[in-house]
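Peer 1: With the sequence up front, the predicted model follows.
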Number of protein chains: 4
Amino acid sequence: MVLRTVEDYKQGLRDNREVWILGEKVKDVTTHPMLRVGVETAAVDYEMAEDPKYRDLAVAKHPETGEPISRHYYLPKNAEDLLKRHELIVTATRLGDGVIPFTKDVAGDCLNAVMVTAQVMGKEENLERITEYYEYVRKKDLSVACGMTDVKGNRSLHPSSPEQTHPDFYVRVVDQNDEGITVRGAKIHITASAYSDDILVLPCRAMREDDKDYAVCFAVPANSKGLKHIMHPLRYQQSPLEFPVDEPIRMHTEALLVFDDVFIPWERVFLCGEWQHAGSLAYNFSFFHRHTASCYRIALTELQLGMAQAIAEYNGIDRISHVREKITNMIIYLEMLKSLAKASCSDPVMHSGVAVPNPIISNISKYHFAENYHNFVKWVQDLCGGILVTAPTYQDYQNPELKDYIDKYLGGRKGIPTEHRLRMLQLIRIWLASDIGGGVEVLALHGEGSLQAQRMIIYGEYQNQLQEYKERAKKVAGIK
Amino acid sequence: MVLRTVEDYKQGLRDNREVWILGEKVKDVTTHPMLRVGVETAAVDYEMAEDPKYRDLAVAKHPETGEPISRHYYLPKNAEDLLKRHELIVTATRLGDGVIPFTKDVAGDCLNAVMVTAQVMGKEENLERITEYYEYVRKKDLSVACGMTDVKGNRSLHPSSPEQTHPDFYVRVVDQNDEGITVRGAKIHITASAYSDDILVLPCRAMREDDKDYAVCFAVPANSKGLKHIMHPLRYQQSPLEFPVDEPIRMHTEALLVFDDVFIPWERVFLCGEWQHAGSLAYNFSFFHRHTASCYRIALTELQLGMAQAIAEYNGIDRISHVREKITNMIIYLEMLKSLAKASCSDPVMHSGVAVPNPIISNISKYHFAENYHNFVKWVQDLCGGILVTAPTYQDYQNPELKDYIDKYLGGRKGIPTEHRLRMLQLIRIWLASDIGGGVEVLALHGEGSLQAQRMIIYGEYQNQLQEYKERAKKVAGIK
Amino acid sequence: MVLRTVEDYKQGLRDNREVWILGEKVKDVTTHPMLRVGVETAAVDYEMAEDPKYRDLAVAKHPETGEPISRHYYLPKNAEDLLKRHELIVTATRLGDGVIPFTKDVAGDCLNAVMVTAQVMGKEENLERITEYYEYVRKKDLSVACGMTDVKGNRSLHPSSPEQTHPDFYVRVVDQNDEGITVRGAKIHITASAYSDDILVLPCRAMREDDKDYAVCFAVPANSKGLKHIMHPLRYQQSPLEFPVDEPIRMHTEALLVFDDVFIPWERVFLCGEWQHAGSLAYNFSFFHRHTASCYRIALTELQLGMAQAIAEYNGIDRISHVREKITNMIIYLEMLKSLAKASCSDPVMHSGVAVPNPIISNISKYHFAENYHNFVKWVQDLCGGILVTAPTYQDYQNPELKDYIDKYLGGRKGIPTEHRLRMLQLIRIWLASDIGGGVEVLALHGEGSLQAQRMIIYGEYQNQLQEYKERAKKVAGIK
Amino acid sequence: MVLRTVEDYKQGLRDNREVWILGEKVKDVTTHPMLRVGVETAAVDYEMAEDPKYRDLAVAKHPETGEPISRHYYLPKNAEDLLKRHELIVTATRLGDGVIPFTKDVAGDCLNAVMVTAQVMGKEENLERITEYYEYVRKKDLSVACGMTDVKGNRSLHPSSPEQTHPDFYVRVVDQNDEGITVRGAKIHITASAYSDDILVLPCRAMREDDKDYAVCFAVPANSKGLKHIMHPLRYQQSPLEFPVDEPIRMHTEALLVFDDVFIPWERVFLCGEWQHAGSLAYNFSFFHRHTASCYRIALTELQLGMAQAIAEYNGIDRISHVREKITNMIIYLEMLKSLAKASCSDPVMHSGVAVPNPIISNISKYHFAENYHNFVKWVQDLCGGILVTAPTYQDYQNPELKDYIDKYLGGRKGIPTEHRLRMLQLIRIWLASDIGGGVEVLALHGEGSLQAQRMIIYGEYQNQLQEYKERAKKVAGIK
């Protein structure tokens, strides 16, 4: 078992996959100017394994053979394993300047969830298939995107509801034979699918018996016949309006992933009709994935807090009481997130020997950062002043007739070059007041499931404790 | 006295003003592809006066001559006048699809504030000058931008503080003679200056005696020698990624306005060294201007609430309880704003016969919409789903190989064409998850003064009531 | 028509009504040590009419005869009438040191609601009856308690649901004949019923056809046979632990009001079986009543803000930034309430010539003060310090061995006698950290309907506007 | 070394201490009807050590001798020790039905803080004294109250400020000789001092050089000459208005503790004039103590959440969406608290070998529960309905003429006896809508330091991280 290099990873993506962007077909995702950015960002996971500084963190020993495998593909057995995984994702996102590499970390979330569900479900066949696939991913050191969210149609209706315009709003099995199954439908918001090796497809909700054609989970190569990736465009280069920076641009993009009658051989099918397990598969994924989300948010929030402190200093307001209060609010926001994210690892739930991040805490953790993120944005914007969105551009700055005026008049605290102030404002504008900023707001809300999805699980998983506390209250109230 | 037409207004802007954008000098602001958008938006105020449907609202009678004047230039004498002005701004912003025309409404805020201050200050000469200038603006039916916010440098320091890098962070008088004064400095965030006839410059804060060179207020033609408008670029056309719409794009842009030793004749100088009145001039402006801001926010918020309700219906979720709760939150947000904005008119403070919007309420009104706007954004984004930022583009939609997939899979509630859903998402994305969206967030916070500026005034203006209520509490407590 | 004096009012209460408190029957409510406090508080409405200082406010002219009537019984015809009523209630509550007199003001809420509903319902008979009763109340200058909230049983079930333990959880008609109807059931939280002349009973919710026995509205003398008032005990005297004050104690108490087959003659029956109108009757009451609640909250909040400012000064912290921020929060809370309460009068809805406080705004107004009251409590408690609940008692203070220590050590800002500080803390403790304080918190939430009740009406009444704004958004989005 | 029994503990309190309550001197605190309640509550710590079920948790081994000592007096060396201590306090508070025993747990907070400071300070003499005293407390198995908060006078002024009315608002050294020091002043809010063996007195803030007489820390027997405990009265028995319960009443009371020139021998003086260490001593205490507070809040909040769930079920509303949302809010509140409290143990700061709960997290933990407690109260009250404060009393219920009406009409969900509903409401009323409820609100805010105190430390302790994150932001912004 040998871990792949960045170059191996890129080479693997040149496989005639059907990828569209801006209405045009993409020849090579590794060279397309937009998609390249995502490829480079995903590559951070491969880079870390090659870098002696991070190798111990990024690489684990295969539990049986002891061979090196990506730590993302090490099935966690206890709190310590989860905390290591936690550290890996936080570190990778710091290296990605606030953007998570994505293709191995979320792959781990999926694979672990399918494993747990297979064990709980107790079907020998399915367990063998996922075990074998898990081993295959380890051995080939693959990147795997997670195909979770269906396009849904009318969101109030069940997958099989006859009131839907058509029956394909959730991915479903339309045919099956001895070789395998054929699936149809579309998944949306599929981050990095265009530059992953495989797609692991999961149901995104609990199902009822009449939804059983929709209770399907499988893995599929990204270049499969009938599989179309329609990618959302993304910022891939600096604007000429912006000060140039040395740091690479880091970003991901999402696909509308159309399954136009795609064939899946049985050895890659992990759920097919077992509707009773669709919900728990989706939930198990969410417990891992919401913890993963907390990890990358930690690294991103640290960076954003740094921006806030920097601009407060540059503006000369860092000693003003309301400014300190806002910085304090941000510290509390960040440190609560850190405590919750760690606590979800420290207090895992064990399922058939797998340590799953605590369901209640990992959901609260994600809920916390999402519910309060818009206020965080407000606090940062507040410290910048209106110049955040009215500042002259780098093009103005390059004009010698204007440069001196800008240098003179847009200075802040003595000793801070005006250019530093403008650069910091630019960074904040990109992250917190642009299309990317809007995207990050929406990502907070909808990435890893909506606020209401978290609340539903928190309440649902808490029923035993509620009754226990109720009994305690009854005793104190003298109710016998 | 004859009101100008839209064409008159445009013609007036072709006067060799020194306007820069993206590092280049602009020949004609009325035809420049970016600035034109602002010109057309500002023109709404002129259009209304020509339109029989709105003429009664847009045009008032000169208090002495009875001739028609813009209602924006009618000095309010009572609550009713303020309510009419309120209705005018709300209506104009509705016609501007959520964008206020700006050049006459804010002009009114300034002119009224200077008038009130002149009357309170009691210097005959200054009062005459502003009265004459007010009359001149009415007669010529001018558009006037408001030059308020200085670039400030270190924001914790006073204008004249020797700790500032240089003395020009606030506009100041550098010379004066029998003819007039010479001013130097820069104002920032000056909306619409490039397409206004005049700029009315005000101090932006209270001053101390040693700041007296900075206590200066004057009017100046936008094409004056030494006056440079460095404009922020703005969205001026639809992207090819977007579904085309018939509505004109409405938008404004802000200038960094450099006064490179600009000469102002005495008849246009309304404050010069009277440092004791700098603060009250700034405050009086803010009482009018924060009410104006509330008016345009009403129209904008109505539109945004409409988007939220539409997308909830299109997604098939408008009957779900948490969705109704979020819609209810938005209704409360909007109706509180409406009540506060009207109450600030109904309960004005009278200064020398001028009705000033209630200082406490107009500040609370602005504070309310700004403090809570980011949550409003969150609620709307929440109802959209992640598709808000991952939807395929219009370019994808135009490709026949993709269109059918998009139409099929991105449908929502039965009966709603997919294109409608995508168009509504596009509108929401522009307003609430893009650079414009970020701009509107920042505008909420910093336009018309920061949250802390409002809180400071609310507290400061409330001292008498605080003592009155305290005395009542003492009586009830038995304290004699 | 002659308005009654306080003595007349008291005399009217000595009528053998069946009132219980602490498990014992009350002989005379006007002399019972607990109930007397409520009687004296209610009497403020009668006192004002006798006091030349308030007579113009408290007394109106009968719309037809011009004779003097209580302004509470003047059916409002326009915004101005509502604003007068507003001023009356605010003033009366100020005179009651934060406690509303209650028996005429809420009577007005009820009577107006029944009038409006009768007119909308269009049944001649019912309209005549309520008109005659309204006239009777005016002429006799009665106090009338409002019997609104049913005991409800399982709150998720309809009145007539067979799943309820018994059919009497909502007041219902159990028999009827030529003379009148017989009603059974119980109303709860009926403020001041024990010291009102009549009870006006209303349904508390919308009903379905099978609930029609529960759709009943009538007036009944408080001493009717079968009518039992089981009163909650209340604070009626100072504790020996407290510093004595001169101000009378003001307070009300609520009844569990049992209708043990009470007979009502037809001329006092205003709704009987018209289940379609039960909801709108309840709603119309709520529009008036939630506005009334806002009025008394204004006076109470002014007093509480006064306490906060006083203790901040006494503790020497009123200049500290976080303290000013908290005071500013309280100002915003209070002034928003004032603006909303007035706006609900300024923008009434007209029903058959009656001006009803704006449904949306009066609900938002009540919602605002209730939703945020617990934070208001927090801010006040925060300014006090822990001494709010650990201070030595007046009994300690009277002991000469302890007094000097207390005087020395519990002093605050120089120049403020320690006794003043302790008295102010005592007043705050009573209102904001005692059983009364808890009662006021619960009153905010549940008095005049729960938070959810307000939200439901706000959303329900807003359907037209929602659709209007949606259409506007569609136009801008290019949806045809 | 033998741990004391409950009886030993009580016997130790009969020592002629000077305790006042309601203006009268107390003969024996263990039998005084009010103070007894506190004694019994404190005794839980002694009971646990005697109870085989809890002995392993309550008793630790002396680090050197291996003899049994109270775990509260085991100096924590690592995260695990802190987590054990955490579990002990949570468990003890559960046994106390939501009330922490207090006299050993907070004693541990103090002793640990003095130990840490002595080690950091590096004065051999002081370290010996506290080490010896720590050993003495262990050996005698004492209860020790913590004398922290000074009465302060004008809270904006320093202890030694000449603007204070007198110099004794903070406890200070007024004399010293070879034997020891004499102290004067008063401490306030001193929980359980009247039934503790010793008082350990600490400074409550950072000091300046001119405050050095106030930089004093010492231990003193509770019955020392000149030491006066003026206790706040407390609820010590059930009211006749309440349903009787079997559970003992648990409660504490606070003293105003006057030091009327009390002599302290040198061996009990741990700080005297070392003003530079006053602040860090206070802070170190707060890190332990705010964690302790989080522990007891966990147990209390569990109980309150149990009440909320119970009453929601009894009222038949537990399936209604807004009710589930409120329950979910409470779960999030509680589980965030649990995660933070544990995280502050898992990630301790080491000082000279002592594991101190993480300063930032323990402060955020306390801040979290305090800042949001009033909303928690609101949610619980909301689920109860107004009956929470208007329910008939137990006295009514005992009257056969009323009992049947009450049983009939105040029933809730079918199958739940009315008495159960009334009992649960009674328990909620006591904890959340009474003088005790108000006390708990104030305790949340001011116990263990005010909200602002926590914010100040959070910000202050975060300076290194702020700079680190700022540097990261600068790098990404391209600032060199």
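Peer 2: That came in fine, so what should we check first? The shown structure was predicted, so the numbers you read here are calculated from the model rather than taken from an experiment. Numbering: from 1, shown residues only, chains lettered A, B, ... in the order given.

Peer 1: Would you mind listing what in chain A touches chain C?
Peer 2: Taking Cβ under 8 Å from any Cβ of the partner chain as the contact definition, chain A meets chain C at A:321, A:322, A:325. The way it works is simple: take the backbone N, C-alpha and C, and place the C-beta from them, glycine included.

Peer 1: residues touching the second one, list them.
Peer 2: Read it as residue A:322. By Cβ atoms under 8 Å, 6 or more residues apart in numbering or on different chains, the residues touching residue A:322 are B:452, C:321, C:325.

Peer 1: Grab the nearest non-local neighbour of the second one.
Peer 2: Take residue C:321 and drop its neighbours on the chain: the residue closest to it by Cβ to Cβ, 6 or more residues apart in numbering or on different chains is residue A:321, 3.9 Å away.

Peer 1: before we move on, the earlier item: among the contacts of residue A:322, which are in helices?
Peer 2: Judged by DSSP state H, helices contain the following of the contacts of residue A:322: B:452, C:321, C:325.

Peer 1: Name the residues linked to the closest residue to residue A:59 other than its chain neighbours by a beta bridge.
Peer 2: Nearest residue to residue A:59, sequence neighbours excluded (Cβ to Cβ, 6+ apart): residue A:68, at 4.9 Å. Using DSSP bridges, the bridge partners assigned to residue A:68 are residue A:61.

Peer 1: residues contacting residue A:68?
Peer 2: A:1, A:2, A:3, A:59, A:60, A:61, A:62.

Peer 1: can you give me the helices in the stretch 151-300 of chain A?
Peer 2: A:278-315 (DSSP state H, counting those that start in this stretch).

Peer 1: Which single residue in it comes nearest to chain B?
Peer 2: Among the residues of the stretch 151-300 of chain A, residue A:154 lies closest to chain B, at 3.3 Å counting by Cβ to the nearest Cβ.

Peer 1: For that residue, give me the pLDDT.
Peer 2: According to the prediction, residue A:154 has pLDDT 96.

Peer 1: For it, which non-adjacent residue is closest in space?
Peer 2: In space, residue A:154 is closest to residue B:316, 3.3 Å off (Cβ to Cβ, 6+ apart).

Peer 1: Give me the neighbour count for that neighbour.
Peer 2: The tally of other residues near residue B:316 (other Cβ atoms under 10 Å in any protein chain shown) stands at 20.

Peer 1: ok, now the one 10 residues further on?
Peer 2: The tally of other residues near residue B:326 (other Cβ under 10 Å) stands at 23.

Peer 1: Nearest residue to it in space, please, no chain neighbours.
Peer 2: residue B:379 (4.3 Å).

Peer 1: which residues does that neighbour contact?
Peer 2: B:308, B:326, B:327, B:329, B:330.

Peer 1: Let me have the residues you listed in a markdown table, extended by pLDDT.
Peer 2: Formatted as a markdown table, the contacts of residue B:379 follow (pLDDT from 0 to 100):
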| residue | pLDDT |
| --- | --- |
| B:308 | 98 |
| B:326 | 98 |
| B:327 | 98 |
| B:329 | 98 |
| B:330 | 98 |
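
Peer 1: Are any of those buried, and if so which?
Peer 2: Buried by 16 or more other Cβ atoms under 10 Å in any protein chain shown: B:308, B:326, B:327, B:329, B:330, out of those.

Peer 1: quick check, the fourth one in a strand?
Peer 2: No: counting by DSSP: H, G, I helix; E, B strand; the rest coil, residue B:329 is not part of a strand but helix.

Peer 1: Excluding chain neighbours, what is closest to it?
Peer 2: residue B:379 (5.8 Å).

Peer 1: Report how many residues lie close to the closest residue in space to residue A:290 that isn't next to it in sequence.
Peer 2: Counting by Cβ to Cβ, 6+ apart, residue A:290 lies nearest to residue A:366, which is 3.9 Å off, once chain neighbours are set aside. Neighbours of residue A:366 under the rule other Cβ under 10 Å: 30.

Peer 1: same thing with residue A:166?
Peer 2: 10.

Peer 1: and if you look at the one 10 residues further on?
Peer 2: When neighbours are counted by other Cβ under 10 Å, residue A:176 registers 18.

Peer 1: Report whether stretch A:395-412 contacts chain B.
Peer 2: Yes: using Cβ under 8 Å from any Cβ, stretch A:395-412 reaches chain B at A:395-399, A:402, A:405-406, A:408-412.

Peer 1: can you list the residues that contact the strand or helix carrying residue A:429?
Peer 2: Using DSSP states H and E, residue A:429 falls within helix A:418-432. Residues from elsewhere that reach helix A:418-432, judged by Cβ under 8 Å, 6+ apart: A:98, A:242-243, A:245, A:303-304, A:307-308, A:310-311, A:314-315, A:377, A:380-381, A:384, A:387-389, A:391, A:397, A:406-408, A:410-412, A:436-437, A:440, B:438, D:473-474, D:476-479.

Peer 1: what's near enough to touch residue A:260?
Peer 2: Residue A:260 touches A:184, A:226, A:227, A:228, B:405, counting by Cβ under 8 Å, 6+ apart.

Peer 1: Now intersect those residues with the strands, please.
Peer 2: A:184, A:227, A:228 (DSSP state E).

Peer 1: Give me the distance between the closest residue to the second one other than its chain neighbours and residue D:34.
Peer 2: On the basis of Cβ to Cβ, 6+ apart, the spatially nearest residue to residue A:227 that is not a chain neighbour turns out to be residue A:262, at 5.3 Å. Applying Cβ to Cβ, to the nearest Å, one obtains 77 Å for the distance of residue A:262 from residue D:34.

Peer 1: Quick one: residues contacting the residue nearest to residue A:154.
Peer 2: A:153, A:154, A:155, A:156, A:157, B:412, B:413.

Peer 1: so, if you compare those residues, which one comes nearest to chain D?
Peer 2: For the contacts of residue B:316, the nearest to chain D is residue A:156 (14.1 Å; Cβ to the nearest Cβ).

Peer 1: from memory that closest one sits against residue B:314, does it?
Peer 2: No: with contact defined as Cβ atoms under 8 Å, residue A:156 does not reach residue B:314; the gap is 12.0 Å.

Peer 1: just checking, residue A:116 touches residue A:359?
Peer 2: No: in this structure residue A:116 lies outside contact range of residue A:359 using Cβ under 8 Å: 11.6 Å.

Peer 1: If you count surrounding residues, which of these two has more?
Peer 2: residue A:116 (27 against 22).

Peer 1: Just the element for that one, please.
Peer 2: Going by DSSP H and E, residue A:116 is in helix A:105-121.

Peer 1: And that helix, what's buried?
Peer 2: Under 16+ other Cβ under 10 Å, the buried positions of helix A:105-121 are A:105-119, A:121.

Peer 1: now chain A, which segments are flagged as low pLDDT?
Peer 2: By pLDDT under 70, the weakly predicted segments of chain A are A:1.

Peer 1: Which single residue in the stretch 301-450 of chain A comes nearest to chain D?
Peer 2: Closest to chain D within the stretch 301-450 of chain A is residue A:306: 3.2 Å, counting by Cβ to the nearest Cβ.

Peer 1: That residue touches residue D:475, doesn't it?
Peer 2: No: look at residue A:306 against residue D:475 with Cβ under 8 Å: they stay out of range, at 9.3 Å.

Peer 1: Among these two, which residue is more densely surrounded?
Peer 2: Set residue A:306 next to residue D:475 and count neighbours by other Cβ under 10 Å: residue A:306 wins out with 25 against 16.
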